[in-house]
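> Got a predicted structure here, sequence first:
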Amino acid sequence: MKVTNSADSGIISRSEETENTRYSQAIYVTKVAMASNALLTGFKFLAGIMGNSSAMIADAAHSTSDFMTDIAVIAGLKVARKPGDSTHNYGHGKIETLAAAFIGLVLVAVAFGIFWGGLQKVIAFFQGEVLPAPGGIALAAAVFSIVIKEWLYRYTITYARKLRSDALTANAWHHRSDAFSSIGTMVGIGSAILLGGRWVVLDPIAAVILSFFIFKVAFEISYKNLNELLEASLDSETYRNIEEILISTDGVLGFHELKTRKIGNAMAADVHIEVDRNLNIVDAHEISTQVEDRLKEICGKNGYFSIHVEPCSDPKDYSGYERTNKGSRFS
C-alpha cells in the first residue's frame, strides 16, 4: 500500500514564499560582493602598475576569478529558485549545489596558480634573478584588499549560515582565499620596502604556504558538493535523527529501505514503514502523516518525503527492538 501525503495549498504557498525570500537575499548578498570585487580589482591593477609590483598585478588577476564565481552563484540561484515543473518534479535546487561545486573547482585552480607562480619566483630568486622592488601604493592596495575581502567573507558567510546556502558558503571561502593571497602579497611587498630588495622572496614563499590552505578549503567544498550531486546520503547525525523518529512514532512497528539525499537546500527521504496489518487505510495514513510531520521538524518544511506503508507480518514475532543493515523492527 502506497501512502502519499500532500500539504494544503496555504502551507505550500508560505513555503514557496520563504524559499523565494531566501534566494532573493542570497542573490542580493552576491551582487554586493560582485560590485565590491569590481572596484577592488580595478584598484589592484592600477596600484600594481603604478607601484611596479608584479605580485600586486598577479593578485589583481586572482581577484578577477571572483567575477566568474559571482556570476555562477547568481545564475545558479536564479535557476534554483524556480519551482518544480513537469520535467523537474523536485525543483531546480541541484543547480545551487552545482554552482557551489564549480566554485570549489575554481578555487582548486586558483590555489594551484598561486602555488605555481610563487614556486617559480622562489626558484628564480635562488638562481640569482633579482625580483623588482614594489612601491608604497602596492602595499596600501594589499592592506586594503585584505580588509575588504575579509569583510566580504564575514558578510557572506553570515548569510550563508542563515540561509543554509552551500553556494554562498563556497563563495565566502573564495573571498577569504583572496584575502589569504593578499596577505602573502602584503608580506612580500612590506618586507621588500622595509628590509631591502632581497627580502622580496618572502612574498612568493608566503604565497606558496597560503596556497595549501586554499587547497584544503577547495577540496572540502568540491568533495561535499560533488558528493551531493552523486546522490550521497545525508550526514550520519541527521540519518540517526531520522531513525529515532521512525523508532519513536506510535504505530510504526518497523522500517526498512531508508534512503536519504539532498536536493539543493532541501532534504529528501524515502522509507518503508511497517504497521499493524489489521489497521484500516485511514489509520495507516494517519501514522504515515505523523512520521512526515515529525521529519519536517528536523529536515525542514521544504523537504521531500516518500513513505511507503506495509503490513507487519506478525507483530507478536518481535519481542524487542532490533536494528539491522536494512532497517529496524521493534515491539
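Received it, and whenever you're ready, just let me know what you need.

> Please list all residues in contact with the nearest residue to residue 220 once chain neighbours are set aside.
Distance criterion CB to CB, 6 or more residues apart in numbering; nearest residue to residue 220, sequence neighbours excluded, is residue 104 at 7.9 Å. In short, each C-beta sits where N, CA and C put it, glycine included. Shown in contact with residue 104 (CB atoms under 8 Å, 6 or more residues apart in numbering): 170, 218-226.

> Buried ones in the host helix or strand of residue 295, by neighbour count?
Element membership of residue 295 [criterion: DSSP states H and E] is helix 281-299. Burial within helix 281-299, assessed by neighbour count using 16 or more other CB atoms under 10 Å, is assigned to 284-288, 290-292, 294-296, 299.

> got the contacts of residue 104 as JSON lines, with pLDDT and neighbour count columns?
JSON lines is the format used below for these (pLDDT from 0 to 100; neighbours: other CB atoms under 10 Å):
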{"residue": "170", "pLDDT": "84", "neighbour count": "31"}
{"residue": "218", "pLDDT": "82", "neighbour count": "25"}
{"residue": "219", "pLDDT": "88", "neighbour count": "14"}
{"residue": "220", "pLDDT": "83", "neighbour count": "14"}
{"residue": "221", "pLDDT": "80", "neighbour count": "25"}
{"residue": "222", "pLDDT": "86", "neighbour count": "20"}
{"residue": "223", "pLDDT": "87", "neighbour count": "13"}
{"residue": "224", "pLDDT": "83", "neighbour count": "19"}
{"residue": "225", "pLDDT": "82", "neighbour count": "27"}
{"residue": "226", "pLDDT": "87", "neighbour count": "16"}
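
> Let me have these in CSV, adding distance to residue 24 and secondary structure as columns.
Shown next, in CSV, are the contacts of residue 104 (distance: CB to CB, whole Å; DSSP: H, G, I helix; E, B strand; the rest coil):
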residue, distance to residue 24, secondary structure
170, 19, helix
218, 28, helix
219, 31, helix
220, 28, helix
221, 24, helix
222, 27, helix
223, 29, helix
224, 25, helix
225, 22, helix
226, 27, helix
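
> Nearest to residue 248 among the residues you listed?
residue 224 (29.8 Å; CB to CB).

> what's the closest one in contact with, if anything?
100, 104, 166.

> go again using 10 Å as the cut-off
Residues near residue 224 by CB atoms under 10 Å, 6 or more residues apart in numbering: 97, 100-101, 104, 166, 169-170, 232, 235, 262.

> Equivalent analysis for residue 185, please.
44, 48, 53, 55-60, 62, 134, 138-139, 141-143, 145-146, 203-204, 206-207, 210.

> Provide the secondary structure category for residue 308.
strand (DSSP: H, G, I helix; E, B strand; the rest coil).

> ok, for it, nearest residue in space, not its chain neighbours?
residue 272 (4.5 Å).

> What helix or strand is the one you found located in?
Short version, using DSSP H and E: residue 272 is in strand 266-275.

> and the contacts of residue 104 as TSV, adding distance to residue 122?
Formatted as TSV, the contacts of residue 104 follow (distance: CB to CB, whole Å):
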residue	distance to residue 122
170	30
218	22
219	24
220	27
221	27
222	27
223	29
224	32
225	33
226	32
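
> Report the strands that pair with the strand holding residue 272, each with its relative direction.
strand 254-263 (antiparallel), strand 304-311 (parallel) (DSSP bridges).

> follow-up on the earlier one: which one of the contacts of residue 104 sits closest to residue 109?
residue 218 (8.5 Å).

> what about the residue lying closest to that closest one once chain neighbours are set aside, how many neighbours?
Once flanking residues are discounted, residue 218 sits nearest to residue 107: 3.5 Å by CB to CB, 6+ apart. By the criterion of other CB atoms under 10 Å, residue 107 has 25 neighbours.
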